[in-house]
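K.L.:
what follows is a predicted structure for the sequence shown.
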Amino acid sequence: MTSGTEHMTNDNILKVEHLSMKFGGLMAINDLSFDVRRGDITALIGPNGAGKTTVFNCITGFYKPTMGMLTLTQRSGKQYLLERLPDFEITKQAKVARTFQNIRLFSGLTVLENLLVAQHNALMRASGYTVLGLLGLPAYKRAAKESVEKAAHWLEKADLVDRADDPAGDLPYGAQRRLEIARAMCTEPELLCLDEPAAGLNPRESAALNTLLHSIRGDTGTSILLIEHDMSVVMEISDHIVVLEYGQKISDGTPDHVKNDPKVIAAYLGVEDEELDEAISEVEAVSGGQN
């Protein structure tokens, strides 16, 4: 099933089943299964080296998994097996967009131009992949107008209207993060994958990011899967959290469930299994003292 096939819609936009990724003798991901529910903000968290970015790379086609299935179900009910698609088809057909831990903007282009470049494929389709766009035909003019309107919409959502004509590289770091997300949204994704969107942000910038993500989820229904180390961001915006350690899932549930899970507490304290009971006791003692 390398192309879409019609199925009944369900509550999951992405189903990860028995995903494994091996690099030589290293098992980076080991038999991982979890669901991303439609319309939710799902966070993938864990200590450094837990395998979070490897999971993202499998979902977005940068890596081909050693084993496992990655099933994306669009709103229409059409399904794609992502592990069988080349990366450009995952973006184009399955409608998965991604940002990176290291910002990858066109720094020499303006903020507006970055959002228009993201819509290149739609404009090429409108031109018939020929020089028809140069002739000013109605279909191309209409597509070009829609592209500018969409860019203007996301400029406003990202609070970047006043910087539209500035080079993207001149923006403050937090604004560059928001621009990268806005650019991804110009492709109209059904699943938006964000790799550490809050990395390096100050509290004010983190608040602006949270506002943008809530707006995306609320206004468009786009499902969001993110990797994040900032636990204040994760706990504030996530509906669902999946916790990895050494390539395996150790917890999966609501923020309240995850933050009280002894295995998660142990993983973040960096203790060995035999020290788990002691770690739990320490956390309970602290919690009891705060009540």
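P.N.:
Yep, it's here. Please read all numbers here as calculations on a predicted model, not as lab measurements. Numbering: from 1, shown residues only.
K.L.:
switch to C-alpha atoms for all contacts and neighbour counts from now on
P.N.:
Will do.
K.L.:
for residue 238, grab the count of nearby residues.
P.N.:
Per other CA atoms under 10 Å, the neighbour tally for residue 238 reads 19.
K.L.:
tell me the contacts of it?
P.N.:
The contact partners of residue 238, taken as CA atoms under 8 Å, 6 or more residues apart in numbering, are 40, 41, 42, 43, 254, 255.
K.L.:
what's the helix or strand for the fourth one?
P.N.:
Meaning residue 43. Using DSSP states H and E, residue 43 maps to strand 41-45.
K.L.:
from the chain's centroid, how far away is that strand?
P.N.:
Offset of strand 41-45 from its chain centre (CA atoms, centre = their mean, to the nearest Å): 9 Å.
K.L.:
which other helices and strands contact that strand?
P.N.:
When contacts are defined as 3 or more CA pairs under 8 Å, 6 or more residues apart in numbering; DSSP states H and E, strand 41-45 packs onto strand 223-227, strand 240-245.
K.L.:
which residues does the shortest one contact?
P.N.:
Here strand 223-227 makes contact (CA under 8 Å, 6+ apart) with 13, 36-45, 52-53, 190-197, 217.
K.L.:
next helix or strand past that strand?
P.N.:
Next along the chain after strand 223-227, taking DSSP H and E as the criterion, comes helix 231-237.
K.L.:
same deal with the last one?
P.N.:
As assigned by DSSP H and E, the chain's next helix or strand after strand 240-245 is strand 248-253.
K.L.:
could you verify my assumption that residue 14 touches residue 72?
P.N.:
Yes: at 4.5 Å, residue 14 counts as touching residue 72 under the criterion of CA atoms under 8 Å.
K.L.:
average model confidence for stretch 111-121?
P.N.:
Throughout stretch 111-121, pLDDT has a mean value of 81.
K.L.:
one more: stretch 145-159?
P.N.:
Mean per-residue pLDDT for stretch 145-159: 88.
K.L.:
for it, list the C-alpha coordinates in CSV.
P.N.:
Output of stretch 145-159 as CSV, limited to C-alpha atoms (Å, rounded to 0.1, in the frame of the first residue of the first chain):
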residue,chain,number,x,y,z
LYS,A,145,-3.6,35.3,-5.0
GLU,A,146,-4.6,32.4,-2.7
SER,A,147,-0.9,31.8,-1.9
VAL,A,148,-0.4,35.4,-0.8
GLU,A,149,-3.7,35.3,1.2
LYS,A,150,-2.5,32.1,3.0
ALA,A,151,0.9,33.7,3.7
ALA,A,152,-0.8,36.8,5.1
HIS,A,153,-3.0,34.6,7.3
TRP,A,154,-0.1,32.8,8.9
LEU,A,155,1.9,36.0,9.2
GLU,A,156,-0.9,37.2,11.4
LYS,A,157,-1.2,34.0,13.4
ALA,A,158,2.6,34.0,14.1
ASP,A,159,2.5,37.7,15.0
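K.L.:
identify the bridge partners of the most centrally placed residue in the chain.
P.N.:
Nearest to the mean C-alpha position of the chain, by CA atoms, centre = their mean, lies residue 193 at 1.4 Å. Note on residue 193: beta-bridge partners by DSSP bridges are residue 98, residue 225.
K.L.:
tell me the pLDDT of it.
P.N.:
The model reports residue 193 with a pLDDT of 96.
K.L.:
now swap in residue 274 and tell me
P.N.:
pLDDT at residue 274 comes out at 54.
K.L.:
can we start the residue count at 500 from this point?
P.N.:
In the new count, where the first residue is 500, that last one comes out as residue 773.
K.L.:
by contact count, what packs against the longest helix along the chain?
P.N.:
Longest helix of the chain, by residue count under DSSP state H: helix 637-656. The contact analysis (3+ CA pairs under 8 Å, 6+ apart) places helix 637-656 against helix 610-616, helix 619-625, helix 672-684.
K.L.:
same thing but 10 Å
P.N.:
Packing partners of helix 637-656 (3 or more CA pairs under 10 Å, 6 or more residues apart in numbering; DSSP states H and E): helix 610-616, helix 619-625, helix 672-684, helix 702-719.
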